[in-house]
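In: A structural model of the following input is requested.
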Amino acid sequence: MPLEREGGQAQFIVHDHAPTPQGSELEALLTWLQENLARDLTLADIAERAWTSTRTLIRRFGDQTGTTPLQWLHRARIRQAQHRLETTVPVLRIRDHPKPGT
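Out: Take a look at the predicted model:
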């Protein structure tokens, strides 16, 4: 789906938090990940936080979220960045910037 619709109509995109399986054993971990998106987390860090091995984490994460821990983390970071871009000071378009040296 294109990010902009033809005719000048803005594209409406909902940027919720990543789905968190309520009541699942990963609920606390996913909440922690959402709160720590700015940290440089590795799979080992996430597994340690979940008190499990990386292999078990990957299997449980896939079963309960349908994705891997790092893919979930990347998508959550992208959603956060999109939300910040849409709700803060408008970003100038590249064509609006003067060329260097002018």
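In: Could you use CA atoms for every contact and neighbour count after this?
Out: OK.
In: List the buried residues in stretch 72-91.
Out: Trp72, Leu73, Ala76, Arg77, Arg79, Gln80 (16 or more other Cα atoms under 10 Å).
In: Also stretch 35-43?
Out: Leu43.
In: Including distance to Leu30 and pLDDT, could the buried residues of stretch 72-91 go into JSON lines?
Out: Formatted as JSON lines, the buried residues of stretch 72-91 follow (distance: Cα to Cα, whole Å; pLDDT from 0 to 100):
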{"residue": "Trp72", "distance to Leu30": "9", "pLDDT": "95"}
{"residue": "Leu73", "distance to Leu30": "9", "pLDDT": "94"}
{"residue": "Ala76", "distance to Leu30": "10", "pLDDT": "94"}
{"residue": "Arg77", "distance to Leu30": "13", "pLDDT": "94"}
{"residue": "Arg79", "distance to Leu30": "15", "pLDDT": "93"}
{"residue": "Gln80", "distance to Leu30": "14", "pLDDT": "91"}
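In: Tell me which entries of these lie within helices.
Out: Residues of the buried residues of stretch 72-91 located in helices (DSSP state H): Trp72, Leu73, Ala76, Arg77, Arg79, Gln80.
In: what sits against the closest residue to the fourth one other than its chain neighbours?
Out: Meaning Arg77. The shortest distance from Arg77 to any non-neighbouring residue, by Cα to Cα, 6 or more residues apart in numbering, is to Leu37 (6.1 Å). For Leu37, the contacting residues are Leu73, Ala76, Arg77, by Cα atoms under 8 Å, 6 or more residues apart in numbering.
In: Give the helix, strand or coil label for Leu37.
Out: coil (DSSP: H, G, I helix; E, B strand; the rest coil).
In: farthest pair in the buried residues of stretch 72-91?
Out: Greatest spatial distance among those (Cα to Cα): Trp72 and Gln80, at 12.2 Å.
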